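[1] just need the structure, nothing else, for what follows:
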Amino acid sequence: MNNVDDTSNSLKTSPLSSEDHPSLLAVIIETNPQAWAQIQDQITFKEAIQALLVFINGHIAVNNQNQVCVIASHPDSAQFLYPINKIDPRAGTTITTTVSEHLSTSTYSIAHAQSMYKQFRDVDEAVNKQLKKLFELNNNTCHDSNTNDKSSALSGAFSLALTYMNKVCAISQESRMRSRILVLSVASDLDAQYIPIMNSIFAAQSHRIPIDVCKLSGSPSFFQQACDSTNGVYMKIKHPHGLVQYLLSAYAIDPELRPHINLSTQRDVDFRATCFITKRVVDIGFVCSVCLCIMSIILPTNECPMCGTHFQKDAIKKLTVSPVVQPPKKKKKKKKVEGQ
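    Numbers count the residues shown, from 1 in each chain. Next up, the predicted model:
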């Protein structure tokens, strides 16, 4: 794929420079059926997956050493869609298998499969096959769960992505693999996962892994914080039918080139935090001096809900006392001296 364009020969330059390092892209898809049903008049789940696969294939086509992993963030779990792993019961180890071993059960026709580039075919078939299994399992167990839940196991998906990146980068140290994360988000009820998600964001920041967010609905504030702290791209998509154009124009740019390009990202970032007790975004709250837990209210036990530190009653009284507006002092009138 890299030798299709002969521009390097015409310019008498080497096709691969020392700075042309491969890239690992981790794509996290929120697959909550209830959240996707809310925006089905704008874009369907099938259309979004097709646009995302075009973007993934473009990432693979840029460099034949580029890698990708796709993770589904479901309401109750997070799992890999690609690559597919299975456990060998004899050895107890994880083995990565390609979907080409299961071509007979694929939804693609043989003629269509033969005309596709092998890496494209592997990713497309794996994602579609695993999504089909995921939703079939969801239909069988939906009566046992809350059907109005619009959240997703995003913190678990971030953990899977970061651990997979750490493993791949440790194996390919010579090629100096670069990593980044793209989140296709539709869920809105994620305040309860604020703590583990922020921990994942800090881990990505320490490893210099950009987090890009493509937001189709809802607007959690910590997504903006994640993109701002990791030098990622945050966009609230206004026209979801043009999703593939958004992905290829804003999210396909290499992180090394982004400082030199004027990206269409979120400028005004909401840095408000979420209360660890009520799970709501707060403007003014209390902070534990030991574990930095953020609270909008003080528990009746006068203890921190995270570390159990006991707060002094005198300190709580000073913090919870309501402000009192004092009337302005009246100016004393000057007495007139006799004879003046």
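[2] strands of the chain, start to end?
    Using DSSP state E, the strands of the chain run over 23-30, 67-73, 78-82, 84-87, 94-97, 178-185, 211-215, 234-236, 273-274, 281-282, 286-287, 294-295.
[3] confidence-wise, which of the ones you listed is weakest overall?
    Lowest mean pLDDT within the strands of the chain: strand 94-97, at a mean of 41.
[4] where are the low-confidence patches of this protein?
    Where the chain drops to pLDDT under 70, the residues are 1-19, 85-114, 140-151, 173-175, 189, 191, 219-221, 264-267, 335-340.
[5] partner residues bridging the spatially most central residue of it?
    In the chain, the centroid-proximal residue (CA atoms, centre = their mean) is residue 183; its distance is 4.0 Å. As for beta bridges, residue 183 partners with residue 28, residue 213 under DSSP bridges.
[6] residues contacting it?
    Counting by CB atoms under 8 Å, 6 or more residues apart in numbering, residue 183 touches 28, 30, 154, 211, 212, 213, 214, 223. All C-beta spots, glycine's among them, are computed from the backbone N, C-alpha and C.
[7] I'd like those residues laid out as JSON lines, including neighbour count.
    Converted to JSON lines, these look like this (neighbours: other CB atoms under 10 Å):
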{"residue": "28", "neighbour count": "24"}
{"residue": "30", "neighbour count": "26"}
{"residue": "154", "neighbour count": "24"}
{"residue": "211", "neighbour count": "27"}
{"residue": "212", "neighbour count": "25"}
{"residue": "213", "neighbour count": "24"}
{"residue": "214", "neighbour count": "26"}
{"residue": "223", "neighbour count": "26"}
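[8] residues near residue 333, how many?
    Other residues lying near residue 333 total 6 when counted by other CB atoms under 10 Å.
[9] near residue 125, how many other residues are there?
    23.
[10] same check on residue 165?
    Residues within reach of residue 165, counting by other CB under 10 Å, total 23.
[11] gap between it and residue 271?
    Distance of residue 165 to residue 271, given as CB to CB, to the nearest Å: 26 Å.
[12] before we move on, back to that, export the contacts of residue 183 as a markdown table, with columns for distance to residue 192.
    Shown next, in a markdown table, are the contacts of residue 183 (distance: CB to CB, whole Å):
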| residue | distance to residue 192 |
| --- | --- |
| 28 | 18 |
| 30 | 15 |
| 154 | 11 |
| 211 | 20 |
| 212 | 23 |
| 213 | 19 |
| 214 | 22 |
| 223 | 15 |
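[13] just checking, residue 24 touches residue 170?
    No - if you go by CB atoms under 8 Å, residue 24 and residue 170 don't touch, sitting 11.8 Å apart.
[14] pick out whichever of these two has more residues nearby.
    Taking other CB under 10 Å, residue 24 and residue 170 do not tie; residue 24 has more neighbours (22 against 9).
[15] that concludes my questions; thank you for your assistance.
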